[in-house]
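**Q** with the sequence up front, the predicted model follows.
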Amino acid sequence: MARIKVFFVLALAVTVGGAFAYATYSYVQKAPTTVTLPTRPVVVAAADLDIGATLRRDDIRIIDWPANAVPGTAVSNPDDVIGRGLIMPVIQYEPILPMKLASKDAGGGLPPAIPTGFRALSVRVNEVIGVAGYVLPGTRVDVVATVSPTDQHTDMTSKVILTNVQVLAAGTKIERDVEHNKPMPVTVVTLLVDPEQSERLTLAASEGKIQLALRNPLDKTTPATRGIRPAALVGDIALARPRIARAAKPAPPPASAPDLPTVEIIRGDKRAREVVREEQ
């Protein structure tokens, strides 16, 4: 009887101890773990912002960023960015860095977005030249010019004169419709070119016609083309020419008989010539 009591007490102790250990383990696993990390306030974009946008108070937010992961040039004071224009697009919750901002005196809009050494040149386009409205700010295009160096139609030449040119603005807009990203009909497209390219583009637009060719922004190649003329479109085709009948050559005159020996006979005041014929 004593052995049964001892066994019962031992079993009860093991059961109670196991239940307590399991409860303690479950509590530890479910208990929230709180780790405190040092942070710093960082100014970030409250929404996607495109190039040329002037920052307002509603365009930015201040969040606590882990101190060991803050970008070196991150801005903490919102007064340092409000009223300044963006020269590069930013996405939501991206830190506003000084390298993406125009100077405080430059303001917003298109001029601060023009890099040093470049120019913004506008060209008139229609729906076809503007690639059915898909030439939007930020896209890349090639410029094809069709010009005749003379007044002859056979000298008309189409050639790529500029490659991988950035579109700064379409119409009066310098911001892409980031929400819908739909084609936008415009009549003027503003391109980012250097001074030499601006000369080529202006001459091509005034002397002939230009066409914009939309390209993949990831394609950085610059193919060299020779241009093409109307004759090259159909190859070398010999044009049939009517044959002109030539006049018959006149028959050569009959050969004159060889001169025969003559003898001059003088009789008084008369002279006569007699042909000396050889007797057969």
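**A** Now that the structure is in, tell me what you want to look at. Residues are numbered from 1 along each chain as shown.
**Q** can you tell me the element residue 264 falls in?
**A** According to DSSP states H and E, residue 264 maps onto strand 262-267.
**Q** hang on, residue 273 packs against residue 262?
**A** Yes: in this structure residue 273 lies within contact range of residue 262 using Cβ atoms under 8 Å: 4.7 Å. The C-beta positions use only the backbone N, C-alpha and C, and glycine is treated the same way.
**Q** show me what the one helix or strand residue 163 maps to is packed against.
**A** Counting by DSSP H and E, the element that carries residue 163 is strand 157-170. The contact analysis (3 or more Cβ pairs under 8 Å, 6 or more residues apart in numbering; DSSP states H and E) places strand 157-170 against strand 119-124, strand 140-147, strand 188-193, helix 195-207.
**Q** out of these, which is closest to residue 100?
**A** strand 188-193 (16.9 Å; Cβ to Cβ).
**Q** so which elements touch the closest one?
**A** strand 119-124, strand 157-170.
**Q** tell me the most buried of those?
**A** strand 157-170 (a mean of 19; mean count of other Cβ atoms under 10 Å).
**Q** got the angle between that one and strand 140-147?
**A** 140 degrees (axes from the mean of the first three to the mean of the last three Cα atoms, to 10 degrees).
**Q** between helix 195-207 and strand 157-170, find me the angle.
**A** Using the same axes, to 10 degrees: strand 157-170 against helix 195-207 is 110 degrees.
**Q** so what pairs up with the closest residue to residue 195 other than its chain neighbours in the strands?
**A** Once flanking residues are discounted, residue 195 sits nearest to residue 119: 6.2 Å by Cβ to Cβ, 6 or more residues apart in numbering. As for beta bridges, residue 119 partners with residue 193 under DSSP bridges.
**Q** what residues are up against residue 119?
**A** By Cβ atoms under 8 Å, 6 or more residues apart in numbering, the contact list for residue 119 reads 192, 193, 194, 195, 198.
**Q** distance of it from residue 166?
**A** Remark: distance between residue 119 and residue 166 (Cβ to Cβ, to the nearest Å) = 12 Å.
**Q** shared neighbours, the two?
**A** residue 192.
**Q** domain-wise, how is the protein divided?
**A** Annotated domains of the chain cover 39-111, 114-229 [automatic domain parsing].
**Q** the shortest one: how far from the chain's middle?
**A** For domain 39-111, the separation from the chain centroid amounts to 28 Å (computed by Cα atoms, centre = their mean, to the nearest Å).
**Q** quick one: end-to-end distance for that domain.
**A** 37 Å (Cα to Cα, to the nearest Å).
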